[in-house]
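> Give me the fold of what follows.
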Amino acid sequence: MWSGPGTFVNGVEGTDGFIVDWGAGAVTDRPSGLRLFELSFHVRYANRPVRQQADHLAYVVSYAVDPETGQGYVYLPGESDAPYRLNTTAIYRGCEGNWFRASAAWQTAFRTFVRG
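Take a look at the predicted model:
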């Protein structure tokens, strides 16, 4: 989650990501009726004292897979969605409220852990 638009390394905004294929842009033609998954990302904030370094919910997205093509899609919650405030506290990307194609790496990882 710590990559792509809204993230910076040495003052340069991220363009690549593990979950979203940012280069493909927002999707306007995602098939409807796909099974949805809610993905929650938990992190530990290393800049906190050791006793406070418990897992914290940091980001939530929706994920859908087209069973015919295998293409995955990631939705970044928009302003009217419950996870929006949580997500934008961690990273404001400026493209919330849109579906994106999932990266090939994410699709492979997802298939490894989720069947059916």
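> elements contacting the longest strand along the chain?
Among the elements of the chain assigned as strand by DSSP state E, the one spanning the most residues is strand 56-65. In this structure, strand 56-65 packs against strand 36-43, strand 72-76, helix 84-90, helix 104-113, with contacts taken as 3 or more Cβ pairs under 8 Å, 6 or more residues apart in numbering; DSSP states H and E. C-beta coordinates here come from the backbone N, C-alpha and C atoms, glycine included.
> That one pairs with which strands?
On the basis of DSSP bridges, the sheet neighbours of strand 56-65 come out as strand 36-43 (antiparallel), strand 72-76 (antiparallel).
> any idea which of the ones you listed is most buried?
Between the strands paired with strand 56-65, strand 72-76 has the highest mean count of neighbours, a mean of 23, where neighbours are mean count of other Cβ atoms under 10 Å.
> check contacts around the nearest residue to Ser40 once chain neighbours are set aside.
Spatially, and ignoring its direct neighbours in sequence, Ser40 is nearest to Val60 (5.2 Å; Cβ to Cβ, 6 or more residues apart in numbering). For Val60, the contacting residues are Glu38, Leu39, Ser40, Phe41, Pro77, Pro83, Leu86, Asn87, taking Cβ atoms under 8 Å, 6 or more residues apart in numbering as the criterion.
> For the fifth one, grab phi and psi.
Dihedral angles phi and psi of Pro77 (degrees, to the nearest 10) take the values phi -50, psi 140.
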